[in-house]
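# Sequence and predicted structure below; questions after.
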Amino acid sequence: MKLDHITLLVTSLELSMPYYEQLLPLLGFSKKKNHVWTDGEGFFFQFLQAKAGTSAYERYGAGMNHLGFGASSPDQVYGVRAAMAEAGFEVPEVQNLGGAIALFMKDPDGVRFEVTYYPPGMAVVD
């Protein structure tokens, strides 16, 4: 079996969708319909409005910590950073993690997205 979709609940579709409408095409996704994006190879992101009164995302709480995407080159990592910054989103500096070139961004709810180039032979996770 393979992972075919992720559904992310956001505090506000109105506030979060401009972020994702900028980020997802940079990661190779296209919009299928409102709040649904695909990579064209059977994987989908779906965004739904979180219910009022529910808990906010906690980076170190139980559940998802972050989503990681593998870039094909360091230039692709820097390109994602430049495009997100140019669109007006807060974007941290790119990090060199022992040869891996990594960008860690946060959506409006604080959910982290990682875009990293791993040199040949370097493990994605240890």
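Here it is on my side, so go on. Residues are numbered from 1 along each chain as shown.

# Show me what the helix or strand hosting Arg81 packs onto, helices and strands only.
Element membership for Arg81, per DSSP states H and E: helix 74-86. On a contact count with 3 or more Cβ pairs under 8 Å, 6 or more residues apart in numbering; DSSP states H and E, helix 74-86 meets helix 13-26, strand 100-106, strand 112-117. Placement of C-beta: from N, CA and C, glycine included.

# backbone phi and psi for the residue nearest to Tyr19 when sequence neighbours are not counted, please?
Nearest residue to Tyr19 in three dimensions, chain neighbours excluded: Asp107, at 5.3 Å (Cβ to Cβ, 6 or more residues apart in numbering). Main-chain dihedrals, Asp107, degrees, to the nearest 10: phi -80, psi 180.

# circling back to that earlier point, kindly reformat the helices and strands packed on helix 74-86 as JSON lines containing mean neighbour count.
Output for these, formatted as JSON lines (neighbours: other Cβ atoms under 10 Å):
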{"stretch": "helix 13-26", "mean neighbour count": "16"}
{"stretch": "strand 100-106", "mean neighbour count": "19"}
{"stretch": "strand 112-117", "mean neighbour count": "20"}
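
# Select, out of these, the one closest to Tyr78.
Among those, the nearest to Tyr78 by Cβ to Cβ is strand 100-106 (7.9 Å).
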